[in-house]
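Q: Sequence and predicted structure, then a few things I'm wondering about:
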Amino acid sequence: MQRYSTLSLVKNAVSHHEGWAQAWRSPDLKAEYDVVVIGGGGHGLATAYYLAKEHGIAKVAVLEAGWIGGGNTGRNTTVVRSNYLFPESAAFYDFSLKLFEGMSQELNFNVMLRQAGMLTLLHSRHDVEVMRRNINAMHMNGVDADWINVAEVAKLAPGINVGPEARYPIKGGILQKRGGVARHDGVAWGYARAADSLGVDIIQQCAVTGFDIKAGAVQGVQTSRGVIRTKKVAIAVAGHSSVLADMAGFRLPVSSMALQACVSEPLKPVFDAAVMSPALGVYISQSDKGELVMGGGLDLYPSYAQRGNVGTLEHVIAGVIELFPNLSRVKLMRQWAGIVDIVHDSSPIIGHTPVEGMYINCGFGTGGFKATPAGGWTMAHTVAHDKPHKLNEAFSLKRFETGAFIDEMGAAGISH
Ligand code: FAD
Ligand code: PYC
């Protein structure tokens with residue numbers, strides 16, 4: 001791995017970056033791979049990395065229709081946490097947070113994890129009662145989460161209106177201290193560079209257009225750059241999961257919807273913690289650059305347009321100003337959306353599909369950034385062993401036949 005001295009950093013800064021080595025190669029597509037991973041977002045790249053690192057399967061291609069991290073991975077608002085309700089989710093998301101805690105070291109890439117806390121606001125006596133019970137459940141599942149009072153909320157979220165005149169007065173909060181934010185692109189780039197160094201081929205500008213399936217088993221993948229032979233395919237395309245499933249001849253219980261977010265002009269550091277109000281349907285954090293990063297609920301209709309509508313944006317801004325009236329004159333700088341994969345019980349699908357040799361990772365909806373390492377880790381295990389790991393066995397497609405749902409709607413943070 002190439003390292004740079006201070007002198008070479010300065011030289012490159014004034015020489016338009018000439019002489020920098022590429023962080024990963026741009027190899028030609030081979031005719032055959034042991035595993036083809038579809039989707040160069042965090043989950044696809046992490047799957048490829050763990051296939052090579054943990055299972056010694058390095059003849060792997062990651063096929064990305066656009067550029068790596070250009071989907072939801074590079075569009076999300078970077079919140080990481082593990083404060084889920086059910087034991088299956090708590091185990092999965094806490095494992096993910098632990099992998100985040102070691103990620104910069106593991107990948108030798110600074111993913112800028114900032115564990116300054118994830119604060120969820122409670123606005124009624126009922127919220128408080130339900131959430132204090134949820135905290136007990138989290139403790140039983142080994143997840144850190146604490147009840148904090150209004151004065152502590154005000155300290156953690158400077159400028160917040162804790163007055164009784166608020167439309168939704170604040171009654172306290174739940175704080176997960178190990179929660180926080182991480183740099184989204186860094187996660188994609190870190191996994192990409194590490195997977196590449198283990199021999200994985202990352203092929204950008206390569207869209208999957210169809211599959212070769214014989215007697216119910218996958219034999220190959222058709223792409224905009226030619227056909228590849230393979231007996232194993234791992235799909236990790238988030239909002240485009242149903243499109244890929246349709247190409248393979250099966251249906252998924254997934255709807256694709258736009259989730260939008262926006263950032264303000266940069267301000268001096270104000271917030272350390274990420275703050276979320278499920279009642280108002282909004283959340284806010286501050287990036288290391290100083291921008292306020294804000295978002296809310298889904299645009300509630302199916303769409304593949306990565307824009308989002310103005311009504312939802314207005315709702316988000318109104319909610320943020322209701323919580324923080326002193327931000328009303330801050331300028332909004334950018335707005336965007338990503339297409340997320342919504343499942344009825346707000347829990348992911350990681351496992352087998354009806355096609356032999358084809359596996360899928362999807363259904364993370366509004367909350368899969370935090371799951372990137374565990375999603376990749378469990379997917380790689382499932383592909384390598386043709387059977388799920390204990391951490392993802394409850395998250396199979398079978399639950400839509402058996403009814404064994406894991407309803408994390410309330411823990412998803414923002415409603416979906
Ligand atoms: P993506 O990053 O979407 O990657 C899928 C890739 O597949 C894309 O790059 C796409 O180009 C590619 N692809 C699609 N079709 C094809 C094809 N036919 N051939 C080849 N490639 C294809 N989660 C959190 O945990 N915390 C948050 O704070 C958070 N905030 C969010 C805010 C917003 C505005 C959005 C949109 C999402 C947010 N999420 C959050 C959710 C999170 O971003 C996603 O769940 C997660 O990033 C999904 O990662 P992925 O790798 O599965 O998908
Ligand atoms: O899942 O924590 C989350 C989240 C925060 C903002 C969007 N999703």
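A: Received the coordinates, thanks. Numbers count the residues shown, from 1 in each chain. Ligands and ions are numbered 1, 2, ... in the order given.

Q: Residue 308: neighbour count?
A: Residues near residue 308, counting by other Cβ atoms under 10 Å, number 23. Backbone N, C-alpha and C define where each C-beta goes, glycine included.

Q: likewise the one 5 residues further on?
A: Counted with other Cβ under 10 Å, residues neighbouring residue 313 total 20.

Q: Determine the three-state secondary structure at residue 340.
A: Using DSSP: H, G, I helix; E, B strand; the rest coil as the criterion, the local structure at residue 340 reads strand.

Q: beta partners for it?
A: Beta-bridge partners for residue 340, by DSSP bridges, are residue 257.

Q: Hmm, residue 260 and it touching each other?
A: No: taking contact to mean Cβ atoms under 8 Å, the distance of 10.2 Å between residue 340 and residue 260 leaves them out of contact.

Q: got the contact list for the residue of the stretch 201-350 of the chain found nearest ligand 2?
A: The stretch 201-350 of the chain approaches ligand 2 most closely through residue 283 (5.2 Å), counting by Cβ to the nearest ligand atom. Going by Cβ atoms under 8 Å, 6 or more residues apart in numbering, residue 283 touches 77, 79, 274, 275, 276, 277, 294, 295, 296, 413, 414.

Q: Likewise for residue 56?
A: By Cβ under 8 Å, 6+ apart, residue 56 lies in contact with nothing.

Q: how far away is residue 289 from ligand 1?
A: Residue 289 is 16 Å from ligand 1, where distance means Cβ to the nearest ligand atom, to the nearest Å.

Q: dump the residue contacts of that residue.
A: For residue 289, counting by Cβ under 8 Å, 6+ apart, the contacting residues are residue 266.

Q: could you check the distance from it over to residue 265?
A: Counting by Cβ to Cβ, to the nearest Å, the separation of residue 289 from residue 265 is 10 Å.

Q: just residue 195 next, same as before
A: Counting by Cβ to Cβ - residue 195 and residue 265 are separated by 36 Å.

Q: Spell out the residue ranges of the strands in the stretch 151-300 of the chain.
A: Remark: strands of the stretch 151-300 of the chain, listed N- to C-terminal, are 172-176, 180-181, 201-203, 208-214, 217-223, 226-229, 233-235, 255-266, 274-277, 282-286, 291-302; assignment by DSSP state E, counting those that start in this stretch.

Q: quick one: which of the ones you listed is nearest residue 248?
A: Put simply, out of those the one that sits nearest residue 248 is strand 208-214, at 5.0 Å, with distance taken as Cβ to Cβ.

Q: pLDDT averaged over that closest one, what's the number?
A: Averaging pLDDT along strand 208-214 yields 98.

Q: quick one: strands adjacent to it?
A: Each strand that pairs with strand 208-214, with its direction, by DSSP bridges: strand 217-223 (antiparallel).

Q: List the buried residues for the strand it pairs with?
A: Neighbour-count burial for strand 217-223 flags 218, 220, 221, 223 (criterion: 16 or more other Cβ atoms under 10 Å).

Q: Adding pLDDT and distance to ligand 1, write those out as a markdown table.
A: Compiled in a markdown table, the buried residues of strand 217-223 are given as follows (pLDDT from 0 to 100; distance: Cβ to the nearest ligand atom, whole Å):
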| residue | pLDDT | distance to ligand 1 |
| --- | --- | --- |
| 218 | 98 | 15 |
| 220 | 98 | 14 |
| 221 | 98 | 9 |
| 223 | 98 | 7 |
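
Q: List the residues that contact the spatially closest residue to residue 217 that is not a sequence neighbour.
A: Ranked by Cβ to Cβ, 6 or more residues apart in numbering and with sequence neighbours excluded, the top spatial neighbour of residue 217 is residue 356, at 3.8 Å. Applying Cβ under 8 Å, 6+ apart to residue 356 gives the contacts 216, 217, 218.

Q: again with residue 306
A: Taking Cβ under 8 Å, 6+ apart, we find residue 306 in contact with 75, 258, 336, 337, 338, 339.

Q: Now with 10 Å, please.
A: Contact analysis of residue 306 by Cβ atoms under 10 Å, 6 or more residues apart in numbering lists 70, 71, 72, 75, 239, 258, 259, 260, 336, 337, 338, 339.

Q: how about the residues of the stretch 151-300 of the chain near ligand 2?
A: Within the stretch 151-300 of the chain, the positions adjacent to ligand 2 are 283, 295 by Cβ under 6 Å from any ligand atom.

Q: where does the stretch 151-300 of the chain dip in pLDDT?
A: Across the stretch 151-300 of the chain, nothing is flagged by pLDDT under 70.

Q: Show me what from it comes close to ligand 1.
A: Taking Cβ under 6 Å from any ligand atom as the measure of proximity, the stretch 151-300 of the chain contacts ligand 1 at 207, 208, 236, 237, 238, 240, 244, 259, 260, 261, 295.

Q: give me that answer again for 8 Å
A: Applying Cβ under 8 Å from any ligand atom, one finds that the stretch 151-300 of the chain approaches ligand 1 through 181, 184, 188, 206-209, 223, 236-240, 243-244, 247, 258-261, 274, 283, 295.
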